[in-house]
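Enquirer: Predicted structure and sequence below. I'll ask about it afterward.
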Amino acid sequence: MSNVLDYWAYEFTSVVSQNPKLQLANPESRLNQIARMIRAHKLTKYDIGICAWAEHDAMAAEVVTQVYQIRLSYIREAFRELGFSGEELEMRTQLYVCYHSWEAVMFGDNSERKLSRQQKLRLKLLTWK
């Protein structure tokens, strides 16, 4: 089963966090591109199942913890580059990761056009000082 966890960790997280093109983008553009990638490639489609598995399996729980730490660290760095720190940094990081982890589950029936408009507004809100 560790192959499934490794696949999930790489294909649905590392594909973003280790993407050299994203590293070259300014932080606001990077956050925007990540949100589009998550939606376009359905990068959270297995999260619910993997997290449910982790509730009953120590190995899965360890991988889930590692993956979420990678996701949070990666997004935190973008907000840090935008000048946020302390509780402001953590709140923005957690809101971004939480929203984009659950957007498809909660609002998957919205049109792509509406999701795109909302993404722009959400990023504006999260990066506003």
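Expert: Thanks, I have it. Owing to the predicted nature of the structure, the values given are computational and were not obtained by experimental measurement.
Enquirer: Run through who's touching whatever helix or strand R122 lives in.
Expert: When secondary structure is defined using DSSP states H and E, the element that contains R122 is helix 112-127. With Cβ atoms under 8 Å, 6 or more residues apart in numbering as the contact definition, helix 112-127 has outside contacts at 28, 31-32, 35-36, 39, 79, 82, 92, 95-96, 99, 103, 107, 110. Bear in mind the C-beta positions are built from the backbone N, C-alpha and C, glycine included.
Enquirer: Report the two of these separated the most.
Expert: L82 and N110 (26.7 Å; Cβ to Cβ).
Enquirer: shaky segments in the protein?
Expert: Where the chain drops to pLDDT under 70, the residues are 1.
Enquirer: List buried members of the contacts of helix 112-127 by neighbour count.
Expert: By the neighbour-count criterion of 16 or more other Cβ atoms under 10 Å, these include these buried positions: 28, 31-32, 35, 39, 79, 82, 92, 96, 99, 103.
Enquirer: if we can go back for a sec, just give me the closest of the contacts of helix 112-127 to E11.
Expert: Distance from E11 was checked for each of the contacts of helix 112-127 by Cβ to Cβ. The minimum falls on R39, at 15.7 Å.
Enquirer: quick one: which helix or strand includes that closest one?
Expert: R39 belongs to helix 27-40 when elements are defined using DSSP H and E.
Enquirer: Which SSE is immediately downstream of that helix?
Expert: Proceeding N to C from helix 27-40, the next assigned helix or strand is helix 47-54, under DSSP H and E.
Enquirer: which residues sit against that next one?
Expert: Contacts to helix 47-54, defined as Cβ under 8 Å, 6+ apart, come from residues 5, 8, 12, 60-61, 63-64, 101, 105.
Enquirer: Spatially central, which residue of the protein would that be?
Expert: Centrality entry for the chain: nearest residue to the mean C-alpha point is V97, 4.5 Å, by Cα atoms, centre = their mean.
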